[in-house]
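**Student:** Requesting a structural model of the entry that follows:
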Amino acid sequence: MDEKALYLKLWEKEGPVTRKVISRIPEHRSNYRADPKARNAREIAWLMVREEILLVDGLEKGVIAWVEEPTPTTVKEILDTYDRHHDELTRRLHRLEVARFEAQVPFTYQGQEVMKETGYGSAWGFLFDQIHHRGQLSTYLRPMGSTVPAIYGPSADESM
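**Tutor:** As a prediction, the model looks like this:
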């Protein structure tokens with residue numbers, strides 16, 4: 001299996017789990033944060049959704065330009081955005097030429113280049129970051145009064 005096929009296999013495996021975790025955020029507790037310095041649940045969910053969109057746009061354009069967008073006020077809006085974009089982003093990744101993954105792709109923030117990785121390096125980095133934040137968000141679920149879905153194996157909340 002080549003690197004693009006491996007990446008897409010894992011992207012497609014992780015997507016439904018990410019959606020499931022986001023969907024468990026209780027709307028009335030979505031401002032929950034584990035610490036005053038931490039993002040709240042909606043902000044974490046929005047970050048994960050934005051990462052997918054900006055990654056694919058950036059790989060296609062040859063530069064990943066991080067643009068801050070205000071966090072939606074409801075979990076429903078975040079989940080709707082994920083649902084509107086994820087499948088099409090997956091199709092676009094499949095269509096992307098391998099050369100785009102192999103080329104250097106600058107990452108910019110506020111017009112300044114902060115990193116320059118290959119497309120593969122950026123893609124893997126974004127996927128791992130999304131998984132990291134999904135784990136962070138999953139630890140918020142019980143304190144918010146929700147349940148934790150199965151992620152890489154059974155969850156105590158789904159085994160009962």
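**Student:** Which residue comes closest to the most centrally placed residue in the chain once chain neighbours are left out?
**Tutor:** Centroid-nearest residue in the chain, with C-alpha atoms, centre = their mean: Met48, separated by 2.9 Å. Across the structure, with C-beta to C-beta, 6 or more residues apart in numbering as the measure, the residue nearest Met48 apart from its sequence neighbours is Gln130 (4.9 Å). For every residue, glycine as well, the C-beta is placed using N, CA and C.
**Student:** ditto for Trp46
**Tutor:** Thr71 (4.4 Å).
**Student:** who touches that neighbour in this structure?
**Tutor:** Remark: with contacts taken as C-beta atoms under 8 Å, 6 or more residues apart in numbering, Thr71 is in contact with 42-43, 46, 78.
**Student:** now do 10 Å
**Tutor:** Under the criterion of C-beta atoms under 10 Å, 6 or more residues apart in numbering, the contact list for Thr71 reads 30, 39-40, 42-47, 49-50, 77-78.
**Student:** Near Gly145, how many other residues are there?
**Tutor:** Counted with other C-beta atoms under 10 Å, the neighbours of Gly145 add up to 10.
**Student:** what do you get for Lys116?
**Tutor:** When counting by other C-beta under 10 Å, one arrives at 14 neighbours for Lys116.
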